[in-house]
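Undergrad: I would like the atomic coordinates for the input below:
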Amino acid sequence: MKMDKIYVFNNSKKIKDNIIENSLSEIERIRPLDIILLENSDGLIKKCIKNSFERYRNQVNANKFLRQLIPSLKKLNLGESQRIVLFDEDLYYSGTNWVFGGFSRFAPGPGYIVLSANRVKNDLQMKDILCHETGHMFSAPRSGRKNTYESLGNHCSNELCVMQQKLTIEESIKFTIERASKHADTYCEDCKKDIASFYYGYF
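TA: Next up is the predicted model:
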């Protein structure tokens, strides 16, 4: 199986490297990863944040952020890799009031997770949110599968699967606590199969 390369740009003071590693280890249980935590990317990310910050909302526009980021990263020659960008500024996508984060793929090309720690309350919730977005990066839940529903994208309806969608901070925290109290697996068996079968056909 091809090893997936993921570059992580951590520009957050709240998100510790061990949380990133613990989150990505859930994918590593399913398929091999080569994880590169990039140092000294602070200036690049700050520039993209500055150029996509909407002062009237006091938020970063994720759509504008990606339009700034993608050409900047081309200069780094990261090759066939996925990319995760983390920061502390509040975030929104067009048509939303705010988001924890989101996943975008521009085919043909790599996938991008952009995630804000601004509204996240603790490390356990952060791990679940990062696992959720990383699941999307590896096509979970896949399009056309049963036991899914549409809510800002395709999501899993299986009990306690991290790929469920929670639309409020309160729902997200409650779900994280419930999953932890029941020692639930991060991904349900259906989502594990989706992640394992993800194919880079469009690189």
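Undergrad: okay, the residue sitting furthest away from the middle of the chain: pLDDT?
TA: When each C-alpha in the chain is compared with the mean C-alpha position (CA atoms, centre = their mean), Y56 comes out farthest, at 25.9 Å. What the model reports for Y56 is a pLDDT of 96.
Undergrad: helix/strand/coil for it?
TA: With DSSP: H, G, I helix; E, B strand; the rest coil as the basis, Y56 sits in coil.
Undergrad: over to F175?
TA: Under three-state DSSP, the three-state class of F175 is helix.
Undergrad: shouldn't it be in contact with Q164?
TA: Yes. Under the criterion of CB atoms under 8 Å, F175 lies in contact with Q164, with a separation of 6.8 Å. Placement of C-beta: from N, CA and C, glycine included.
Undergrad: same drill for the two, tell me which one is more crowded.
TA: Here F175 and Q164 are set side by side on neighbour count (other CB atoms under 10 Å), and the busier one is Q164, at 21 against 18.
Undergrad: which residues touch the residue most central in space within the chain?
TA: Closest residue to the average C-alpha location of the chain: E133 at 3.1 Å, with CA atoms, centre = their mean. By CB atoms under 8 Å, 6 or more residues apart in numbering, E133 lies in contact with I84, G101, G102, F103, I113, L115.
Undergrad: hang on, the third one in a strand?
TA: Yes. The assignment for G102 by three-state DSSP puts it in a strand.
Undergrad: let me know the helix or strand that K64 is in.
TA: Here K64 is covered by helix 62-74, with elements defined by DSSP states H and E.
Undergrad: err, H136, not the other one
TA: With DSSP H and E as the test, H136 turns up in helix 123-137.
Undergrad: quick revisit: please report the distance of the residue farthest from the centre of the chain from Y92.
TA: Y56 is 12 Å from Y92, where distance means CB to CB, to the nearest Å.
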